[in-house]
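Visitor: one predicted model, sequence on top.
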Amino acid sequence: IMVASSSRSKRWKLSLIILCLTTCTLFHLYNTSIKASSSALSFQERIHKEDALSQARYITFGTSVTWGSGFDTDEERLNGAYPYLLHGRSVSNVAIRASGAAYPSLCAETLTNHDDDNDNDEAYDVIVLEFFRWFKKEPSAFLVLIKRLRHRYPNAILIFLQDWHPRLFVTNDAESGQRLDAREWSIRHKYGEDPNSPLFKEQFKKENVDKWHCMFDLEEFTIEYEALARSVGGYVVQLPRPSSLHEVAEYMHFFSHDWMHLSYQGHALVASLIRDLVSDIGIVPNPTVNPWKYHDSC
């Protein structure tokens, strides 16, 4: 009798274990399906990854960098500047050479209207703003431009491009008695005009860092720029930059022959960083386009 009772007890315990395992498995599957459904709903709010990259409609505002200065021909510019490497559904590059945010702030409606005269211009999913080295010169204009664009395109990803160039670094040259930027210094000392000159890189790494300074405080500018981007729900894309003077030489391949504008490698990197951000954040299907609060003054 004891043997039979023990056998039944073992079978009962085994059945209980199986029941628990089955219940736990079903609960896990149910819970997983709930999470999957929730993720699917969240995923559907925005189009992500490759779909976002292929469907995104871009408009780029900025200065000579975004326009594509630094290339030798228009053909090179139109195939090499970062706006044309974004490869979305459409790209409208309205950057202006040697200019800040003042003109686009007054003429944003005109610059974005490419379809007809009935206020039916195309919606934009991604707006790139390249005014990092200008925004403190024209803070009011830049803020007006941002506010106008954010109101008009509330669902668009606002990207604040933050760049720099080697000619921002200057020294009071002992030999000439003049203030020279990195390019001028290299030419004067016969280290080469090419930003990728091995001799320049070698000699620049030997320079006394105390003799050089940046024409403006990059860190201070960065803090203010990032705060401005956050205030309108924007994102900052930063061109990688050196943490010390001697590291400048390691970044020269990002710059064109004038040491100021981007090379093809620099533009390709910027385009890649923007595409990565758009892929991660995603774009809103059928985004809202609000009426302009007021019309242009140009």
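Guide: Structure received.
Visitor: hey, where'd the strands end up in the stretch 51-200 of the chain?
Guide: All strands of the stretch 51-200 of the chain, identified by DSSP state E, counting those that start in this stretch, fall at 57-62, 90-93, 126-130, 157-162, 169-172, 179-181.
Visitor: the last one pairs with which strands, parallel or anti?
Guide: If you go by DSSP bridges, strand 179-181 pairs up with strand 169-172 (antiparallel).
Visitor: other residues contacting the strand it pairs with?
Guide: For strand 169-172, contacts defined as Cβ atoms under 8 Å, 6 or more residues apart in numbering pick out 178-182, 185, 207, 211-215, 245, 248. C-beta: built from backbone N, CA, C; applies to glycine.
Visitor: try it again with 10 Å
Guide: If you take Cβ atoms under 10 Å, 6 or more residues apart in numbering as the criterion, strand 169-172 is touched by 178-185, 204, 207-208, 210-215, 242, 245, 248.
Visitor: can you select the buried ones among these for me in ChimeraX?
Guide: Per 16 or more other Cβ atoms under 10 Å, the buried members of those correspond to this ChimeraX selection:
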select :180,181,182,183,184,185,204,207,212,245,248
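Visitor: can you list the domain ranges for this protein.
Guide: 1-45, 47-169+195-281 (automatic domain parsing).
Visitor: so for the longest one, mean pLDDT?
Guide: Think domain 47-169+195-281. Average pLDDT, domain 47-169+195-281: 94.
Visitor: any idea how far that domain is from the middle of the chain?
Guide: Relative to the mean C-alpha coordinate of its chain, domain 47-169+195-281 is positioned 7 Å out (Cα atoms, centre = their mean, to the nearest Å).
Visitor: list the contacts for the residue nearest to residue 55 when sequence neighbours are not counted?
Guide: Sequence neighbours aside, residue 89 is the residue nearest to residue 55 in space, at 5.3 Å (criterion: Cβ to Cβ, 6 or more residues apart in numbering). Counting by Cβ under 10 Å, 6+ apart, residue 89 touches 53-58, 122, 125, 283.
Visitor: gap between residue 89 and residue 45?
Guide: 19 Å (Cβ to Cβ, to the nearest Å).
Visitor: swap in residue 74?
Guide: Counting by Cβ to Cβ - residue 74 and residue 45 are separated by 40 Å.
Visitor: likewise residue 244?
Guide: 43 Å.
Visitor: with neighbour numbers in mind, choose between these two.
Guide: Shown here are residue 244 and residue 45; by other Cβ atoms under 10 Å, residue 45 has more neighbours (10 against 7).
Visitor: show me what contacts the more buried one?
Guide: 282, 284-285.
Visitor: mind running it again at 8 Å?
Guide: Applying Cβ under 8 Å, 6+ apart, we find residue 45 in contact with 282, 284.
Visitor: same question, the one 10 residues further on
Guide: When the contact criterion is Cβ under 8 Å, 6+ apart, the partners of residue 55 are 47, 88-89, 125, 283.
Visitor: let's see 7 Å
Guide: Residues near residue 55 by Cβ atoms under 7 Å, 6 or more residues apart in numbering: 47, 89, 283.
Visitor: same check on residue 81?
Guide: 68, 267.
Visitor: picking up where we left off before, now, the contacts of residue 55 that are in helices?
Guide: In this view, the contacts of residue 55 have no member that belongs to helices under DSSP state H.
Visitor: from those, which is closest to residue 227?
Guide: residue 283 (24.9 Å; Cβ to Cβ).
Visitor: is it true that that closest one touches residue 47?
Guide: Yes - in this structure, residue 283 is within contact of residue 47 by Cβ atoms under 7 Å, at 5.2 Å.
Visitor: those two: which is more packed in?
Guide: Just comparing residue 283 and residue 47: by other Cβ under 10 Å the higher neighbour count belongs to residue 283, 24 against 19.
Visitor: from residue 204, how far off is the residue lying closest to that one once chain neighbours are set aside?
Guide: Nearest non-adjacent residue to residue 283, counting by Cβ to Cβ, 6+ apart: residue 125, 4.1 Å away. Distance of residue 125 to residue 204, given as Cβ to Cβ: 41 Å.
Visitor: which residue ranges form the helices in the stretch 151-298 of the chain?
Guide: With DSSP state H, counting those that start in this stretch as the criterion, the stretch 151-298 of the chain has helices at 182-188, 198-204, 218-231, 264-281.
Visitor: what sits up against stretch 143-153?
Guide: Residues contacting stretch 143-153 (Cβ under 7 Å, 6+ apart): 101, 104-105, 108, 123-124, 127, 158, 232, 287, 289-290, 292-293.
Visitor: quick check, residue 181 in contact with residue 165.
Guide: No - judged on Cβ under 7 Å, residue 181 makes no contact with residue 165 at a distance of 9.4 Å.
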